[in-house]
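A.B. asks: Sequence and computational prediction follow.
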Amino acid sequence: MFKNIKRRLGLEPHSPYVKNYFRMANMQSATYMSFIVSALEVWMIVSLFVEMYTDKHARSASWFAQHLTSYVLLLAVSIFLFIHAFRYTHAKSHDYRLGTVALVSFSVVAILFGIYISYLDYVKGEQVLTFLTMLIFVTCILAMKPLLSFLIMTASFCAFYFVMDFGKDASYATKVNLFITFVSLLMASFGVYYQHLVSARKDEHLEQVNSRLENVALHDELTGIHNMHYFRREALQVLADPATDPSKKRFLFIDIENFKTYNDKYGFQEGNDFLVRVAEVLKEVFHDVPLARFSDDHFVVLSDADNTEERLSIIRAKINEKRTDVYLGIKAGAFTPARDTDPAIACDRARYACGSIKKYYDRNYAEYNDDLDLEFHKKQYIVNNIDHAIEAGYIKVYYQPVVWSKTGKVCGLEALARWEDPEYGFLSPGDFIPVLEEYRQIHKLDICVIENTCKDMRDAIDQFSAAVPVSINFSFIDFEVADMLKICETYREQYRLPREYFHIEITESVMDRNADLLTETIEKFRDAGYALWLDDFGAGYSSLNVLKDFKFDVMKIDMKFLTNFSGNKKAGTILNSIVRLAEQIDMKALAEGVETREQADFLKEIGCERLQGYLFGKPVSRVSISEAFRTKTLEISEEFLNRAAN
């Protein structure tokens with residue numbers, strides 16, 4: 001209740017914004033009010049002198065002196081108030097205390113002026129409009145707190161009533177009219193105050209909303225440092241400054257190593273707290289330069305080129321001051337801009353430089369150079385042109401033979417994608433496959449391989465050539481973005497091919513990603529009647545778990561086991577064990593990378609049924625593989641000749 005009374009009386013504390021709103025509103029009102037009063041007083045003074053010189057006997061000298069003094073005094077305080085109010089509202093003065101003195105001086109003089117002039121009018125039987133006018137100026141045009149308005153108005157009316165009653169007894173009607181006027185003006189004064197208060201709080205709320213929106217638009221919500229929108233704007237200004245030498249500036253892309261592991265171990269909130277701590281360290285080390293959070297655990301800086309690696313070392317040390325079980329490192333890529341460099345492109349290239357050392361634990365800093373530039377543009381070319389390459393027929397399917405170890409005859413082919421580009425020439429699979437996987441475009445390539453393989457196989461059968469089963473490699477991303485079983489079935493039915501002509505290869509290294517999706521996909525292919533091959537067995541760290549958790553028909557042993565085969569006695573022992581293991585879990589073994597007769601003989605001796613490698617043939621086009629079959633350079637195993645004939 002007490003708080004409510006304080007609020008009604010205007011005694012509740014106001015925010016700085018609301019206080020300033022009232023000050024500015026009163027000064028704006030005072031500007032117009034004091035100007036009007038000044039003009040009126042000038043007119044009254046002129047009229048006074050005109051009357052004095054035209055009708056010298058109408059008024060006494062004392063009357064002229066009293067009125068002239070009153071008009072001049074009110075004119076003086078009005079001019080004083082006008083000058084200060086005008087300067088304050090036009091931001092030429094910020095001293096509100098002087099404004100308060102001007103307002104108080106004007107209010108006191110105006111009310112006393114009103115009382116005096118109206119008293120003179122009242123005793124002559126005229127209206128008391130001057131008093132009421134001055135009171136309206138002071139209490140209704142200016143916004144005052146209700147309690148202050150009440151006190152000023154009560155004191156003014158009491159003083160006027162006392163003076164009026166002293167000069168001439170006031171009638172009952174006059175007293176009632178004065179009281180009604182008092183109440184009316186008091187309510188009007190309260191209304192002015194509350195109207196200004198509502199407007200002030202509304203404007204304050206809008207200012208706060210706009211401030212928050214501006215903060216969100218320019219700052220990262222989590223860390224509080226600037227976002228990329230602000231960074232790009234600031235970076236453009238820095239580069240455009242004639243005093244800036246762009247060759248001595250560096251765009252830095254900073255990546256926190258092992259942050260995902262840290263997040264998984266300590267939780268989402270602790271991960272966020274860590275990012276805030278990193279942002280604070282970056283602000284401390286790279287102060288007064290454009291700095292922003294790029295995304296996730298990545299940050300960008302536009303800084304001087306001097307001592308870059310030393311600064312990164314300081315950051316690395318500071319973020320590891322709080323010891324944890326997870327090592328958190330810093331890798332950074334740098335790009336040197338030109339005057340007209342787009343900051344967005346600069347950040348991308350610094351990011352690319354950082355990514356180029358991602359797998360090198362002994363390198364923490366890399367600058368974008370000509371070699372990386374060629375690589376970067378090739379990468380962008382691949383991503384931007386994969387659709388056109390497929391449509392234009394630049395993507396070719398090459399086939400590498402798989403043979404029986406006992407007979408050396410072909411029992412299958414592996415379909416491998418090749419890109420014959422008009423601009424770059426022959427693009428290696430090592431160039432475009434990792435890029436397409438990174439940008440989640442690999443399914444386009446694999447669908448193209450499926451369609452071309454089915455078409456080639458149909459052509460081979462229609463021409464009464466031998467047709468052998470073909471194995472097709474799938475990326476895990478294929479299963480995430482497309483229904484690969486449906487696609488295989490669509491093309492198989494379109495070209496009228498049996499399922500036993502297709503072997504589905506899944507690389508062992510992807511088996512630890514989304515096991516539920518992978519299990520579901522493998523089961524769907526198996527239920528549909530497709531043979532499933534495990535590719536690159538032994539290349540990863542989870543090989544035995546894969547054999548335990550998933551069922552495959554064929555195990556393709558990674559070619560690395562045959563590297564330096566002759567000089568490494570352990571290789572033979574390990575290969576022998578793998579082949580035995582495959583037999584015991586009802587899988588067939590296939591060895592990749594066979595390049596010498598010694599390797600082939602050994603694999604045959606230990607019971608590895610299928611072999612693949614340059615010893616039997618490199619990947620070649622459909623025309624070349626068909627020619628090799630026709631000339632008997634490669635012999636097809638009899639069971640497939642009989643199947644093709646039927």
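C.D. replies: Nice, thanks for sending it over.

A.B. asks: domain ranges for the protein?
C.D. replies: Domain assignment for the chain, taken from automatic domain parsing, gives 2-213, 228-368, 378-637.

A.B. asks: quick one, phi psi at the most centrally placed residue in the chain?
C.D. replies: Centroid-nearest residue in the chain, with CA atoms, centre = their mean: residue 295, separated by 6.3 Å. When read as degrees, to the nearest 10, the backbone of residue 295 gives phi -180, psi 150.

A.B. asks: now swap in residue 609 and tell me
C.D. replies: Dihedral angles phi and psi of residue 609 (degrees, to the nearest 10) take the values phi -70, psi -40.

A.B. asks: how many other residues sit next to it?
C.D. replies: Residue 609 has 19 neighbouring residues, counting by other CB atoms under 10 Å. The C-beta positions use only the backbone N, C-alpha and C, and glycine is treated the same way.

A.B. asks: From residue 456, how far out is the residue nearest to it when sequence neighbours are not counted?
C.D. replies: Spatial nearest neighbour of residue 609, excluding adjacent residues (CB to CB, 6 or more residues apart in numbering): residue 588 at 5.4 Å. Separation of residue 588 from residue 456 (CB to CB, to the nearest Å): 25 Å.

A.B. asks: More neighbours: which of the two?
C.D. replies: Counted by other CB under 10 Å, residue 588 and residue 456 do not tie: residue 456 has more neighbours, with 22 against 18.

A.B. asks: got the contact list for the more buried one?
C.D. replies: Residues in contact with residue 456 (CB atoms under 8 Å, 6 or more residues apart in numbering) are 397, 622.

A.B. asks: So for it, what's the pLDDT?
C.D. replies: Predicted confidence (pLDDT) for residue 456: 93.

A.B. asks: so how far is residue 554 from residue 537?
C.D. replies: 10 Å.

A.B. asks: Then residue 502?
C.D. replies: Separation of residue 502 from residue 554 (CB to CB) stands at 13 Å.

A.B. asks: tell me, what's touching these two both at once?
C.D. replies: residue 531.

A.B. asks: nearest to residue 220, of the domains of the chain?
C.D. replies: domain 228-368 (4.2 Å; CB to CB).

A.B. asks: Show the end-to-end separation of the closest one, please.
C.D. replies: Domain 228-368 has an end-to-end distance of 21 Å (criterion: CA to CA, to the nearest Å).

A.B. asks: First-to-last residue distance for stretch 536-546?
C.D. replies: Distance across stretch 536-546, first residue to last, is 12 Å (CA to CA).

A.B. asks: Show the low-confidence segments of the stretch 501-646 of the chain, by residue range.
C.D. replies: Residue ranges of the stretch 501-646 of the chain with pLDDT under 70: 508-513, 539-543, 567, 642-646.

A.B. asks: how far away is residue 68 from residue 346?
C.D. replies: Computed as CB to CB, the residue 68 to residue 346 distance reads 76 Å.

A.B. asks: and the helix or strand hosting residue 579, which residues are buried?
C.D. replies: Secondary-structure assignment from DSSP states H and E places residue 579 in helix 569-584. Within helix 569-584, the residues scored as buried using 16 or more other CB atoms under 10 Å are 571-572, 575-576, 578-579, 581-582.

A.B. asks: Any chance of TSV for these, columns distance to residue 415?
C.D. replies: Output for the buried residues of helix 569-584, formatted as TSV (distance: CB to CB, whole Å):
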residue	distance to residue 415
571	28
572	31
575	26
576	30
578	25
579	25
581	27
582	23
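
A.B. asks: of those, closest to residue 46?
C.D. replies: Nearest to residue 46 among the buried residues of helix 569-584, with distances taken as CB to CB, is residue 578, at 116.6 Å.

A.B. asks: nearest residue to the closest one other than its sequence neighbours?
C.D. replies: residue 557 (5.8 Å).

A.B. asks: chain center to the longest helix seen in the chain: distance?
C.D. replies: If you go by DSSP state H, the chain has its longest helix at helix 172-218. Its chain's average C-alpha position is 41 Å from that of helix 172-218, according to CA atoms, centre = their mean, to the nearest Å.

A.B. asks: Contacts for whichever helix or strand comes after it, please.
C.D. replies: Per DSSP H and E, helix 172-218 leads on to helix 228-240 as the next helix or strand towards the C-terminus. Counting contacts by CB under 8 Å, 6+ apart, the residues outside helix 228-240 that touch it are 217-219, 226, 244, 246, 249, 251, 290-294, 300, 302, 337, 339-341, 343-344, 346-347.

A.B. asks: Among those, name the ones in helices.
C.D. replies: Within those, membership in helices is found for 217-218, 343-344, 346-347, as judged by DSSP H.

A.B. asks: Weed out the non-buried ones from those.
C.D. replies: For the ones in helices among the contacts of helix 228-240, a burial check counting by 16+ other CB under 10 Å picks out 343, 346-347.

A.B. asks: Just the buried residues of the top strand by length along the chain, please?
C.D. replies: Identified as the longest strand of the chain according to DSSP state E is strand 410-421. For strand 410-421, burial by neighbour count (16+ other CB under 10 Å) applies to 410-419, 421.

A.B. asks: circling back to that earlier point, other SSEs contacting the helix or strand just after the helix holding residue 579?
C.D. replies: Once helix 569-584 ends, the next helix or strand along the chain (criterion: DSSP H and E) is strand 588-591. Applying 3 or more CB pairs under 8 Å, 6 or more residues apart in numbering; DSSP states H and E, one finds that strand 588-591 contacts strand 554-557, helix 569-584, strand 610-612.
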